[in-house]
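Novice: fold the following, please.
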Amino acid sequence: MEGFTPVLSTIGGIMIGLAAVGLLYFNGRIAGISGIMGGVLRPQKDDTLWRAVFLLGLFAGALIMLWLHPASFDLRIDVSDSAVILGGFLVGIGTRIGNGCTSGHGVCGVGRLAPRSIVASAVFFGFAVLTTYAVRHLWEVF
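Specialist: Numbers count the residues shown, from 1 in each chain. Sure, this is the predicted structure:
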């Protein structure tokens, strides 16, 4: 299996979990990236700084990973640029329809055993499987 990194993936998962727990415990906020980003794009008084710092931390973490393990960024995407753009657009629509993204529902909501997050995560992953199958095997355009 190409790109299989169990140690790095485990460390990353632990760090994501600790960040989500820390944000909830210390700030009372859910670590849903679409909600955090939405709050930066539509700022409210006394509610923007922590969001900007969180997003900067994500960016800084990626830069640190690039410095420590640059091979992690050697990705090959087998689809066109238009497919990537369309996919990003559809993910954005999905986060609005689902009232959150996989980080908010999947990491935080499922971890709190929230029924709507469990259902939302099952729907996210079910459609991800169907979409991947359709794009790879049925839809020749991509």
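Novice: in contact with the residue nearest the centre of the chain, which residues?
Specialist: Centroid-nearest residue in the chain, with CA atoms, centre = their mean: S103, separated by 5.0 Å. Going by CB atoms under 8 Å, 6 or more residues apart in numbering, S103 touches 16, 20, 31-34. Bear in mind the C-beta positions are built from the backbone N, C-alpha and C, glycine included.
Novice: remind me, longest helix of this protein?
Specialist: The residue-count maximum for a helix in the chain (DSSP state H) belongs to helix 6-27.
Novice: just to revisit the earlier point, filter the contacts of S103 down to the buried ones, ChimeraX style.
Specialist: With 16 or more other CB atoms under 10 Å as the criterion, this ChimeraX line picks the buried residues out of those:
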select :20,31,32,33,34
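Novice: pick out the most distant pair among the contacts of S103.
Specialist: I16 and S34 (15.2 Å; CB to CB).
Novice: surely A83 touches T132?
Specialist: No. Between A83 and T132 there is no contact under CB atoms under 8 Å: 11.7 Å.
Novice: looking at these two, which is more packed in?
Specialist: Legend: neighbour count by other CB atoms under 10 Å for A83 and T132, higher for A83 (15 against 10).
Novice: the strand or helix carrying the more buried one - what's its average pLDDT?
Specialist: Element membership of A83, judged by DSSP states H and E, is helix 81-97. Taken as a whole, helix 81-97 carries a mean pLDDT of 84.
Novice: that helix: how far from the chain's middle?
Specialist: 13 Å (CA atoms, centre = their mean, to the nearest Å).
Novice: can I see the domain layout of the chain?
Specialist: Split into domains by automatic domain parsing, the chain comes to 1-75, 77-142.
Novice: for this protein, name the helix or strand with the lowest mean pLDDT.
Specialist: Every helix and strand of the chain was ranked by mean pLDDT, DSSP states H and E. The lowest is helix 81-97, at a mean of 84.
Novice: give me the buried positions along that one.
Specialist: Residues 94-95 are the ones in helix 81-97 that count as buried (16+ other CB under 10 Å).
Novice: CA atoms only for that helix, dumped as PDB, please.
Specialist: Provided in PDB are the C-alpha atoms of helix 81-97 (Å, rounded to 0.1, in the frame of the first residue of the first chain):
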ATOM      1  CA  ASP A  81      -7.700  20.300 -11.600                       C
ATOM      2  CA  SER A  82     -11.300  20.900 -12.500                       C
ATOM      3  CA  ALA A  83     -12.300  17.700 -10.500                       C
ATOM      4  CA  VAL A  84     -10.300  19.000  -7.500                       C
ATOM      5  CA  ILE A  85     -12.000  22.400  -7.700                       C
ATOM      6  CA  LEU A  86     -15.500  20.800  -8.100                       C
ATOM      7  CA  GLY A  87     -14.700  18.500  -5.200                       C
ATOM      8  CA  GLY A  88     -13.800  21.400  -2.900                       C
ATOM      9  CA  PHE A  89     -16.900  23.300  -3.900                       C
ATOM     10  CA  LEU A  90     -19.100  20.200  -3.200                       C
ATOM     11  CA  VAL A  91     -17.400  19.700   0.200                       C
ATOM     12  CA  GLY A  92     -18.100  23.400   1.000                       C
ATOM     13  CA  ILE A  93     -21.800  22.900   0.100                       C
ATOM     14  CA  GLY A  94     -21.900  19.700   2.200                       C
ATOM     15  CA  THR A  95     -20.500  21.400   5.300                       C
ATOM     16  CA  ARG A  96     -23.300  24.000   5.100                       C
ATOM     17  CA  ILE A  97     -26.000  21.400   4.500                       C
END
